[in-house]
Every structure is written in structure tokens, then in C-alpha cells.
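>>> Here is a sequence together with a model predicted from it:
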Amino acid sequence: MSAWIKHLWSKRPQTEKVLEKVQDTLADLYLRGDSEIQGCIVYAVLENVFSDNDMRIIFKSWKKKQQLREAYDTALEYATRLQEVPDSVMQDVMNKMGKGNV
């Protein structure tokens, strides 16, 4: 999902309406979902999207909605912390997981 969102982002402005719909749909899924669904949205989607500082704007409306603000803040904090991890450490983790280059 995050890779698809990143692809849509790269095709702007033609995909802005689609990105808006994706954001709305994920917000709806988050609000209706249980803690497992919510965790997937935060850590598997938002955190990966938020690794690109510019893309955070897609979900800016989440900061204004009390029920979504915590998800936004959690994903942002996690993405920020991951950006602070040295590349050498990430490379070591990826090698141990058998994933190769970062």
C-alpha cells in the first residue's frame, strides 16, 4: 500500500484526487478498524509514507481530527526515529534478515 501511495505521489498532479480518496479510505478504515487494523495502517502504511517528509501533507487532515491525530503522531514519531538510525545499522539489520541492500 505504501509503495502504491508513493507511486501515486510521483505522478502528481494527475493523481491528486486518487491520493485524496486513498487518504479518506484509510481514515475510514482506521476509525472502523480494531487495534490490529489500526496498527497495520500506522506501521505498514503511514510510517512508510512519512519516511518522505514531503508526502506527510497527504495526511495533514489527520492532525485536525482527534480520533486520527494519535495515529498521525505515532507514525510520524516512528518514521522520524527510523530516519535517525545510521545507514550502517540499517544495512546490518537488512543483511541479517536476508534482504540485501537498503
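Arrived safely. Residues are numbered from 1 along each chain as shown.
>>> tell me which helix or strand of the protein sits lowest on mean pLDDT?
helix 87-97 (a mean of 64; mean pLDDT, DSSP states H and E).
>>> ok, so what distance separates Asn95 from Leu82?
Distance, Asn95 to Leu82, using Cβ to Cβ, to the nearest Å: 17 Å. C-beta here means a position set from N, CA and C on the backbone, and glycine is covered the same way.
>>> quick one: average confidence on the helix or strand that contains Thr25?
Using DSSP states H and E, Thr25 sits within helix 16-32. The average pLDDT within helix 16-32 is 97.
>>> Run the angle between the longest helix seen in the chain and helix 16-32 for me.
Criterion DSSP state H: the longest helix present in the chain is helix 66-84. With axes from the mean of the first three to the mean of the last three Cα atoms, to 10 degrees applied, the angle from helix 66-84 to helix 16-32 works out at 110 degrees.
>>> helices or strands next to helix 66-84 in the packing?
helix 16-32, helix 47-50 (3 or more Cβ pairs under 8 Å, 6 or more residues apart in numbering; DSSP states H and E).
>>> Deepest-packed of the ones you listed, please.
helix 47-50 (a mean of 21; mean count of other Cβ atoms under 10 Å).
>>> ok, back up a step: and after the helix holding Thr25, which helix or strand comes next?
Following helix 16-32 in sequence, per DSSP H and E, is helix 35-40.
>>> so how far is that following helix off the chain centroid?
13 Å (Cα atoms, centre = their mean, to the nearest Å).
>>> residues making contact with that helix?
Leu29, Tyr30, Ala71 (Cβ atoms under 8 Å, 6 or more residues apart in numbering).
>>> Quick one: the residues you listed as a markdown table, columns for distance to Lys6 too.
Formatted as a markdown table, the contacts of helix 35-40 follow (distance: Cβ to Cβ, whole Å):
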| residue | distance to Lys6 |
| --- | --- |
| Leu29 | 19 |
| Tyr30 | 19 |
| Ala71 | 19 |
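>>> Closest one of those residues to Leu46?
Ala71 (6.7 Å; Cβ to Cβ).
>>> pretty sure the closest one contacts Tyr43?
No - shown here, Ala71 and Tyr43 do not form a contact pair, counting by Cβ atoms under 8 Å, at 10.0 Å.
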